[in-house]
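Enquirer: Provided below for reference: sequence and predicted model.
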Amino acid sequence: MFNKTLEIFSLILSKDIAWWQSFIKVNARNPTALLSRFSYNIKRGLFDIAARLGIYQYKYNIIFIAGMPLSATTWVKNMFGRVPGYFTRFAPIPYDISVRQDFSESAFKYVSRQEYTLFKTHLNPTVENLNIILNNNVKKVVVTHRDFRDVVVARYHRLKKFPKKPGDPFYTDLTKATEEEAINESIRLVSDDYVSWIDGWVNIANEHNDFVYFCPFERLRNNPKGEFEKMLDFYEIKLSGKKIDEIIAACEGKGNMQENHTKAVLQPWALSSNFRSGKVGGWKEEFTEANKKYCKKLLGKELIRHGYEKDDNW
């Protein structure tokens, strides 16, 4: 454990000046966030020792979340991050792999089969990624997903609030587009990438019995406690009703996207948040008639196939 801590500390010290300037600025604005991270690391060390001694035990060493982007993956991660004994850990993945939402063996470098670990990803359902996680003791996966139209709107607002810089992968310049045009661009991207993504996980679920639990954003939003209880049952984790209530209350959306994003620089990964208050059917307030027409053209059949609509009369 000491060698792990020393190696991670060395990586932190290797950060460039710009990173440290940002770190100091954020810490000055949110001094309690840094304390929270140190406290989390100490707590993780103590729980890891207890796990190695067999003082407490769960059936599954790894909770693995593979969410559709902007489908409450962070929310689900924050709930599991408060299950006593499960912790996120440093997962070194080469940038060119992680930016594609793929995985590498190195992600499990600091994961022990005697301790309990939480992963939050947007993992692509490829054969290569599946083999990596199966070979590293991942026995079950929670997959979050959402109405494609609400993902479109959430993506638009995310990029509007946090625009990508020129040269970044998947760079999009919203300053040169109207809101209608920007939403249409999101519709195109969701159609190109997200439909095949969820279909891939459906195929994996069909091929691997009791391996995938699908958590729809809509069901989670309407009944967070009931849905969390189902996910706990999936992992055979027993918590008291009081503890579940505490977790649900602690994970309610608080603050705005900018505030959460700033604090997330210092907060433990298991507990940090950057999401806005998502709505079920929020697209109805933001789609123009042109957006609806374009969405029906690209996603109409998929919305029916995935159960979000019965026909094109929406």
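Expert: Structure's in. What do you need? Numbering: from 1, shown residues only.
Enquirer: okay, now residue 131: neighbour count?
Expert: Residue 131: 11 surrounding residues under other CB atoms under 10 Å. For every residue, glycine as well, the C-beta is placed using N, CA and C.
Enquirer: what does the helix or strand hosting it contact?
Expert: Per DSSP states H and E, residue 131 falls inside helix 127-134. Outside of helix 127-134, the residues within contact range by CB atoms under 8 Å, 6 or more residues apart in numbering are 64, 102-105, 107, 123, 141, 204.
Enquirer: residue contacts, the spatially closest residue to residue 247 that is not a sequence neighbour?
Expert: Using CB to CB, 6 or more residues apart in numbering and skipping the chain neighbours, the partner closest in space to residue 247 is residue 82 (4.6 Å). Residue 82 sits next to 246-247, 250-251, 270-271 when contact means CB under 8 Å, 6+ apart.
Enquirer: biggest separation within those residues, which pair?
Expert: Spanning the widest gap among the contacts of residue 82 are 246 and 270, at 15.4 Å by CB to CB.
Enquirer: would you turn the contacts of helix 127-134 into CSV with secondary structure, distance to residue 55 and pLDDT?
Expert: Formatted as CSV, the contacts of helix 127-134 follow (DSSP: H, G, I helix; E, B strand; the rest coil; distance: CB to CB, whole Å; pLDDT from 0 to 100):
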residue, secondary structure, distance to residue 55, pLDDT
64, strand, 24, 98
102, coil, 36, 97
103, coil, 31, 97
104, coil, 32, 97
105, helix, 30, 97
107, helix, 27, 97
123, coil, 32, 98
141, strand, 27, 98
204, helix, 35, 98
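Enquirer: Mind giving me the PyMOL command for buried ones among those?
Expert: A single PyMOL command is used to select the members of the contacts of helix 127-134 judged buried by 16 or more other CB atoms under 10 Å:
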select buried, resi 64+102+103+104+107+123+141+204
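Enquirer: could I get the contacts of residue 82 as JSON lines with pLDDT, secondary structure and distance to residue 97?
Expert: Shown next, in JSON lines, are these (pLDDT from 0 to 100; DSSP: H, G, I helix; E, B strand; the rest coil; distance: CB to CB, whole Å):
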{"residue": "246", "pLDDT": "97", "secondary structure": "helix", "distance to residue 97": "37"}
{"residue": "247", "pLDDT": "96", "secondary structure": "helix", "distance to residue 97": "32"}
{"residue": "250", "pLDDT": "91", "secondary structure": "helix", "distance to residue 97": "32"}
{"residue": "251", "pLDDT": "89", "secondary structure": "coil", "distance to residue 97": "29"}
{"residue": "270", "pLDDT": "69", "secondary structure": "coil", "distance to residue 97": "22"}
{"residue": "271", "pLDDT": "74", "secondary structure": "coil", "distance to residue 97": "25"}
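Enquirer: all helices of the stretch 201-314 of the chain, in order?
Expert: Secondary structure of the stretch 201-314 of the chain (DSSP state H, counting those that start in this stretch): helices located at 217-222, 224-234, 241-250, 257-264, 283-286, 289-305.
Enquirer: Out of those helices, which is closest to residue 155?
Expert: Nearest of the helices of the stretch 201-314 of the chain (CB to CB): helix 283-286, 11.3 Å.
Enquirer: helices or strands next to the closest one in the packing?
Expert: helix 148-161 (3 or more CB pairs under 8 Å, 6 or more residues apart in numbering; DSSP states H and E).
Enquirer: which stretches of the protein aren't confidently modelled?
Expert: Within the chain, the ranges that satisfy pLDDT under 70 run 1-34, 167, 169, 253-267, 269-270, 273-277.
Enquirer: Quick check, central residue of it?
Expert: residue 73 (3.4 Å; CA atoms, centre = their mean).
Enquirer: Test my guess that it contacts residue 120.
Expert: Yes. Between residue 73 and residue 120 there is a contact under CB atoms under 8 Å: 6.0 Å.
Enquirer: what's the overlap in contacts for these two?
Expert: 65, 67.
Enquirer: all strands for the chain, in order.
Expert: 62-66, 117-121, 141-145, 212-216 (DSSP state E).
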